[in-house]
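**Student:** next input, structure requested:
(one chain, ligands or ions: 1)
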Amino acid sequence: MARFQRHVFVCVNDRGPGHPRGDCASKGGHAVAEAFKKGLFERGFKRIVRPNKAQCLDQCELGCTVVVYPEAVWYGRVTAADVPEIIESHIVNGKPVARLVIPDDQLTGIEGPL
Ligand code: FES
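**Tutor:** Numbering: from 1, shown residues only. Below is the predicted model of the structure:
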């Protein structure tokens with residue numbers, strides 16, 4: 001079984017038109033997911049960094065939402081045009097793209113026991 005160094009989860013959730021929170025599919029989520037898949041493959045990260053399409057990551061207003069694990073860096077308002085920069089800066093060089101990182105105090109969710 002493959003053990004990946006990182007997972008890149010890209011929200012592609014689609015609620016259909018008119019939902020008050022919106023969704024990432026309507027904000028280019030599928031294009032972002034494809035850009036990660038293509039870009040990571042081209043950079044030689046197959047079986048090392050895994051791009052995964054995800055359902056709602058609960059940051060809908062800030063979509064398209066991407067989260068990179070294990071470091072749990074959350075990105076908001078990501079477009080396909082941003083993906084090469086995320087791959088180069090974060091995945092290759094270990095430096096998250098600050099202009100796209102969602103600050104902790106803007107993340108939806110409750111602190112757990114971990
Ligand atoms: S629809 Fe993408 S985070 Fe909720």
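**Student:** biggest helix in this protein, by residue count?
**Tutor:** helix 29-42 (DSSP state H).
**Student:** next, the angle helix 29-42 makes with the next helix or strand along the chain from that one.
**Tutor:** Per DSSP states H and E, the first helix or strand lying C-terminal to helix 29-42 is strand 49-54. Relative orientation of strand 49-54 and helix 29-42, computed by axes from the mean of the first three to the mean of the last three Cα atoms, to 10 degrees: 170 degrees.
**Student:** report whether strand 49-54 contacts the ligand.
**Tutor:** No. Using Cβ under 6 Å from any ligand atom, strand 49-54 stays clear of the ligand, with a minimum separation of 7.9 Å. Heads up, the C-betas are built off the backbone N, CA and C, glycines and all.
**Student:** what residues are up against the spatially most central residue of the chain?
**Tutor:** Centrality entry for the chain: nearest residue to the mean C-alpha point is residue 66, 1.5 Å, by Cα atoms, centre = their mean. Residues near residue 66 by Cβ atoms under 8 Å, 6 or more residues apart in numbering: 8-11, 32, 36, 74-75, 78, 86.
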